[in-house]
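> Quick check, what structure comes out for this input:
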Amino acid sequence: MDKPEKGRKKKHSDVSSAVILAGITGMLAFGSLFTAGGKQAARNPLWRPLLRARDNAVLELGRDSLGNVYVTEERLLPYREQYDSAAVTDCAGAINDFAADAEIPVYLVAVPTSAGIYGDLLPEFAPLANEHVLLRELSSQLSENVIWIEAESWLSTEREQYIYYRTDPCWTGYGAFCVYRTAIRKLGFNPLGYDHFIISHFRGDYYGRLVQESGYDSVQPDTVDLYRCDSEQPLKCVQALRTDGAQPLKSFFLQQEAEKSGHPERVYASNTEPVLYLETENQNSRELLLLTDSFGGSMIPLLLQHYHSVTAVNTELAKQQKTDWRRLVDGTGVQYTQVLVLCGADTLSNSAFSSVIRRGISRK
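I've put the predicted structure just below:
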């Protein structure tokens, strides 16, 4: 697809668009008086034609964003004008302190969001935080106890492929695979080739967080692919570690639950549980502690091929649910041999992430 034209040209229909926008906005405001709120109105199919007409009118007037979401011809991108350098410094400090406390190798994979890879699709003067600078700044502040695994260049090389969702800032299963190939070498293993994985299409009509946030769905929906290895190490157990005890799960892929809830991203158990323990039949002695966010779900099935166990902490959920993840992790009795921090640039520039990591430092 050709690169979108830099900037939107004013059209002769600007006045008409302004009148249409004013009329629709008034109708939506009036209608919201008879609903439980604007968000419920947005979910109501009866309102969708009006909402779509409103969004089109806004874009016709020269706007490139709806709320905190940029709209391009190919995809939606998260709108963020700048990152807090102090938060990035705090993040690096938290990871350094954690690595010093861990006394085992700690690795960091910092993943750009879709805006970091496809920001050039935006108009020339559209304000957008520079994730390239953010990641360089973060890596420069890491101590010698943290092993940096570079991901940005590998993803940029594959940018013409389907490595990021069009409607979500997160990578796809294939995007995770592209980084897995280099990350797993740094972790001490030989990567499995693409032909060793069985790929199943879970959903082809996924509208991600950027559609949910903006309400704009005039963009091609996404496909959610699940990766399994053709020589997959059988899972002995999958457990959700909770304060009231470990809850066994049938699988890491919760397809029925995701279908029932209407949230396809919940097909990964790590997107619903703050702390997961997955044990395989693999006879090696490697045990991995994974600290991650929404990027981690599609990476876990790839990592499982190389470890006896993976204990995954979803830092976002741990923060939301005020989970004492260190106590739950210690409760497994596992002697971890490596720690992998795998998070998106947006998470790593959030002070909330630093606080979650610091809660994992032991109190000696």
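> end-to-end on stretch 251-266?
Criterion Cα to Cα, to the nearest Å; first-to-last residue distance in stretch 251-266 is 13 Å.
> Now do that stretch: everything it contacts.
Contacts to stretch 251-266, defined as Cβ atoms under 8 Å, 6 or more residues apart in numbering, come from residues 168, 202-203, 206, 208, 224, 226, 235, 238, 267-272, 276, 278, 294, 297, 300-301, 304. For the C-beta atoms, the positions are set from N, CA and C on the backbone; glycine is no exception.
> What remains of these if I keep only buried residues?
Among those, those that count as buried by neighbour count (16 or more other Cβ atoms under 10 Å) are 168, 202-203, 206, 208, 224, 226, 235, 238, 267-272, 276, 278, 294, 297, 300-301, 304.
> Quick one: mark the members of the residues you listed that sit in helices.
With helices taken from DSSP state H, the overlap with the buried ones among the contacts of stretch 251-266 comprises Ile300, Pro301.
> Which ones among the buried ones among the contacts of stretch 251-266 lie within strands?
Within those, residues falling in strands by DSSP state E are Phe202, Arg203, Tyr206, Val224, Leu226, Leu235, Val238, Leu276, Leu278.
> Would you check those residues and say which has the weakest pLDDT?
Of all those, the model is least confident about Leu235, whose pLDDT is 87.
> Does that one touch Asn282 like I think?
No. Between Leu235 and Asn282 no contact is recorded; they are 9.9 Å apart, counting by Cβ atoms under 8 Å.
> Just want the phi and psi numbers for Asp84.
Backbone torsions of Asp84, given as degrees, to the nearest 10, read phi -80, psi 110.
> actually Lys186, not the one I typed
Its backbone dihedrals place Lys186 at phi -60, psi -30, with angles given as degrees, to the nearest 10.
> in the sheet, who's paired with the nearest residue to it once chain neighbours are set aside?
Nearest-residue entry for Lys186: Ile149, 4.9 Å, with adjacent residues in sequence omitted and distances by Cβ to Cβ, 6 or more residues apart in numbering. Here Ile149 sits in beta bridges with Val109, as judged by DSSP bridges.
> And for the residue lying closest to Asn350 once chain neighbours are set aside, the neighbour number?
Counting by Cβ to Cβ, 6+ apart, the nearest residue to Asn350 once its immediate chain neighbours are dropped is Ala87, at 6.4 Å. When neighbours are defined as other Cβ atoms under 10 Å, Ala87 has 17 of them.
> And the strands in the stretch 1-150 of the chain?
Secondary structure of the stretch 1-150 of the chain (DSSP state E, counting those that start in this stretch): strands at 65-66, 69-71, 76-78, 106-111, 146-149.
> What is the longest one packed up against?
Packed against strand 106-111, as judged by 3 or more Cβ pairs under 8 Å, 6 or more residues apart in numbering; DSSP states H and E, are the following elements: helix 85-102, helix 131-140, strand 146-149, helix 173-186, strand 338-344, helix 345-348.
> For Thr311, find the nearest of the ones you listed.
Taking Cβ to Cβ as the criterion, Thr311 comes closest to strand 338-344 out of those, the separation being 9.9 Å.
> Need the contact partners of the closest one.
Strand 338-344 is touched from outside by 95, 98-99, 102, 104-113, 169-170, 183, 187, 286-296, 299, 303, 315, 353, 357, with contacts defined as Cβ under 8 Å, 6+ apart.
> cool, stretch 298-307 as well?
Contacts to stretch 298-307, defined as Cβ under 8 Å, 6+ apart, come from residues 171-173, 175-177, 179-180, 184, 187, 189, 192, 226-229, 231-233, 235, 252, 268, 270, 278, 280, 282, 284, 286-288, 290, 292, 310, 312, 340, 342.
> Tell me how far that stretch lies from the chain's centre.
Here stretch 298-307 shows a centroid-to-chain-centroid distance of 17 Å under the convention Cα atoms, centre = their mean, to the nearest Å.
> Between the strands of the stretch 1-150 of the chain, which one is closest to Ala246.
Proximity of these to Ala246 was assessed by Cβ to Cβ; the nearest stretch is strand 106-111, lying at 25.3 Å.
> With only the CA atoms kept, save that closest one in PDB.
Extracted in PDB, the C-alpha atoms of strand 106-111 (Å, rounded to 0.1, in the frame of the first residue of the first chain):
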ATOM      1  CA  VAL A 106      18.400 -10.700  34.100                       C
ATOM      2  CA  TYR A 107      17.600  -9.900  30.500                       C
ATOM      3  CA  LEU A 108      15.500  -7.100  29.100                       C
ATOM      4  CA  VAL A 109      13.600  -7.000  25.800                       C
ATOM      5  CA  ALA A 110      12.000  -3.500  25.300                       C
ATOM      6  CA  VAL A 111       9.500  -3.700  22.500                       C
END
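> what does the average pLDDT come to for that strand?
For strand 106-111, mean pLDDT is 98.
> Run the angle between it and helix 85-102 for me.
Taking axes from the mean of the first three to the mean of the last three Cα atoms, to 10 degrees, strand 106-111 and helix 85-102 form an angle of 150 degrees between their directions.
> can you tell me how far Arg228 sits from Thr337?
With distances defined as Cβ to Cβ, to the nearest Å, the gap from Arg228 to Thr337 amounts to 25 Å.
> in stretch 332-352, what counts as buried?
In stretch 332-352, counting by 16+ other Cβ under 10 Å, buried: 332, 334, 336-350.
> Cool, thanks, talk later.
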